[in-house]
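Chemist: Quick one, fold the following:
(chains A and B)
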Amino acid sequence: MQHPPSASQLLTAVAELLNDEILPALSGPVQHKARVAASLVSIIEREIRLGPDAQSEEHRLLGEIFDLTASGTANPPEDLDSLRLTVATHLRNGAASEPEVHAQVWERLMQIVRADLSIAKPGYDSWDGV
Amino acid sequence: MSETSNTSVSTSASMGDRLGSWLSEMRGRPVTVHGLEAVSAGARRFNALCEVRDPEIGSQQIALTMIPSASIQLLDVATEAAVRTVAQQAGVMVPAVYEVCTDESVLGGPFFLSAAITGETVPRRVLRLVQSTDPSGALGQKIAGQIGTAIAQLHAIPPDQIPPGLVTPPGAGPIDAAMTGVENQLIELLAPSPIFSFGVSWLERNAPSEPEVACLVHSDIRNGNIIVGPDGLRAILDWEGSRIGDPMEDTAWTCQRMWRFREDHLAVGGLGDAASMSDAYIAAGGHFDEDRFRWWRIMGTVRWGLSMAGQSRAHLDGSFPSIVMAASGRRVAELEYDALCLLHP
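Modeler: Model (predicted):
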């Protein structure tokens, strides 16, 4: 194993360096790109910490959506990528058209995207109006 | 995208001199150009400000809009200038177009000159100006209303006055064309999105009929494409996306969350309520269709989210490698969330 700092701690240090020391020394388009890079470093730091849980939660919720939208007694694909594709195909084909199914599927999709936002843009989901 | 063409366009004195020579020839008197300064340079547009000294008119503040390479123009400059002129005649606040030049040899690309309007255009600065001028919020509501009025005036332009050469949606009409567009974007996704699939299915089931009268739409009226002063709205900018469309796509686009810059409770660009915009739209003679408006809000959100995904693909496949494009992939969730909020059961 690598000696500490952990990957997450190192990324936090890189983000601080970019934000506190490097960004102020830049200007124009390159400053904009550096700001984007600093933001990505923070996202990746959160992704390392929160990603595994978010992914297993997504897996569970997609399984439930599969059960809500699959016709017959088919079993859901085991790996997450295949399951995501299968569920997306069901949804595209209107398997959640019926209002009750729509509401149940919506609830689960909302949980999935909130977990994604906790990594990519924390706080974005505090507004839930239109 | 600002870095791509900055170097291909020179803002040196020679560009001002060339513009001055051309203007002298056009106006038939000795005209000079001073202080030419680039204000933004994108892949599709080069914008600069300068002072023109004309022995008859005096000093004019001018905005130069040039297409660096004619091959990537969405709308040719002559058509864009014609759209601005017809919109201005209809009452829309548009910087007056003075001259159009389609000869690429003059400055290196086709261009037009228009009046330079003072005021704020950068969204966060627009919001700061509005909030500091009038903390009560009335000025922001007024601007939302002015936007609604301007959109109604634009949409009221009779079909026989719409400049030829604008893109007409392929297929049965704007609804059909938009559906085909998101369908293709969905297929091109590098990773499937159950949320956008859910959204596209809803859009398909709830698609309104094609508009009875397709009209001239701007397609990108929002905080970011307007000039604002302490007195309110001064101009609507960036007419390169003008085309034939459904009137409600313009009204819906002004209300998207990404143009609110954290002022989420004020639907129209963080400035005012949707009702301020729609009431003014109706008062100016527009027909406001709530169902159609909602459909276009969802369509605009899904389409924008799919475009963000497309930007990350452009980075990965090498067609537009850029950290900004790459980062767009981590913005997709924002638009998925916005789409779900709009699809609330």
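Chemist: C-terminal to whichever strand or helix holds A:Asp53, what's the next element?
Modeler: Using DSSP states H and E, A:Asp53 sits within helix A:28-69. Tracing the chain past helix A:28-69, the next element assigned as helix or strand by DSSP H and E is helix A:80-92.
Chemist: rewinding a little: which secondary structure elements does the helix holding A:Asp53 contact?
Modeler: Here helix A:28-69 touches helix A:7-17, helix A:80-92, helix A:99-120, helix B:323-327, going by 3 or more Cβ pairs under 8 Å, 6 or more residues apart in numbering or on different chains; DSSP states H and E. Quick note: C-beta positions are derived from backbone N, CA and C, even for glycine.
Chemist: ok now the helix or strand containing B:Trp296, how far from the chain's centre?
Modeler: Assessed by DSSP H and E, B:Trp296 sits inside helix B:290-316. Distance of helix B:290-316 from the chain centroid (Cα atoms, centre = their mean, to the nearest Å) equals 15 Å.
Chemist: Stretch A:93-112 now?
Modeler: Going by Cα atoms, centre = their mean, where stretch A:93-112 is centred and where its chain is centred differ by 19 Å.
Chemist: how far away is B:Leu203 from A:Ala15?
Modeler: According to Cβ to Cβ, to the nearest Å, B:Leu203 stands 38 Å off from A:Ala15.
Chemist: how about the helices in chain B?
Modeler: With DSSP state H as the criterion, chain B has helices at B:13-27, B:77-89, B:104-107, B:123-133, B:138-155, B:174-188, B:194-205, B:247-253, B:274-283, B:290-316, B:323-327, B:332-342.
Chemist: Mind putting those into TSV with mean pLDDT, mean neighbour count and distance to B:Val228?
Modeler: As requested, the helices of chain B are exported to TSV (pLDDT from 0 to 100; neighbours: other Cβ atoms under 10 Å in any protein chain shown; distance: least, Cβ to Cβ, whole Å):
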stretch	mean pLDDT	mean neighbour count	distance to B:Val228
helix B:13-27	93	17	28
helix B:77-89	94	20	18
helix B:104-107	92	16	29
helix B:123-133	97	18	5
helix B:138-155	98	24	6
helix B:174-188	97	17	29
helix B:194-205	98	24	32
helix B:247-253	98	25	18
helix B:274-283	98	20	15
helix B:290-316	97	20	22
helix B:323-327	96	18	26
helix B:332-342	98	24	24
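Chemist: what's the closest of these to B:Arg234?
Modeler: Counting by Cβ to Cβ, B:Arg234 lies closest to helix B:138-155 out of these; the figure is 9.3 Å.
Chemist: Quick test: name the residue nearest the centre of chain A.
Modeler: By Cα atoms, centre = their mean, chain A has its centre lying nearest to A:Asp116, at 2.3 Å.
Chemist: residues touching it, list them.
Modeler: When contacts are counted by Cβ atoms under 8 Å, 6 or more residues apart in numbering or on different chains, A:Asp116 touches A:54, B:333, B:336.
Chemist: how near is the residue minimising distance to the centre of chain B to B:Met258?
Modeler: Note on chain B: the residue nearest the mean C-alpha position is B:Asp220, at 3.3 Å, using Cα atoms, centre = their mean. Taking Cβ to Cβ as the measure, B:Asp220 falls 12 Å from B:Met258.
Chemist: Can you give me the neighbour number for the nearest residue to A:Gly51 once chain neighbours are set aside?
Modeler: Leaving aside its sequence neighbours, A:Gly51 sits nearest to A:Ile119 (Cβ to Cβ, 6 or more residues apart in numbering or on different chains; 6.4 Å). Number of residues near A:Ile119 (other Cβ atoms under 10 Å in any protein chain shown) recorded here: 20.
Chemist: residue furthest from the geometric center of chain A?
Modeler: Residue farthest from the centre of chain A, counting by Cα atoms, centre = their mean, is A:Ala25 at 32.0 Å.
Chemist: Tell me how far that one lies from A:Ala37.
Modeler: In this view, A:Ala25 and A:Ala37 are 14 Å apart by Cβ to Cβ.
Chemist: pLDDT value on the residue nearest to A:Gly51, please?
Modeler: The model reports A:Ile119 with a pLDDT of 98.
Chemist: picking up where we left off before, so which of the helices and strands packed on helix A:28-69 is nearest B:Glu188?
Modeler: helix A:80-92 (13.3 Å).
Chemist: Okay, angle between that closest one and helix A:28-69 too, please.
Modeler: For helix A:80-92 against helix A:28-69, the angle by axes from the mean of the first three to the mean of the last three Cα atoms, to 10 degrees is 70 degrees.
Chemist: So which elements touch helix A:80-92?
Modeler: Against helix A:80-92 (3+ Cβ pairs under 8 Å, 6+ apart) you get helix A:28-69, helix B:194-205.
Chemist: same question for the first one, mean pLDDT?
Modeler: Confidence over helix A:28-69, taken as the mean pLDDT, stands at 96.
Chemist: Now do that helix against helix A:7-17, angle only.
Modeler: Going by the same axes, to 10 degrees, helix A:28-69 makes 140 degrees with helix A:7-17.
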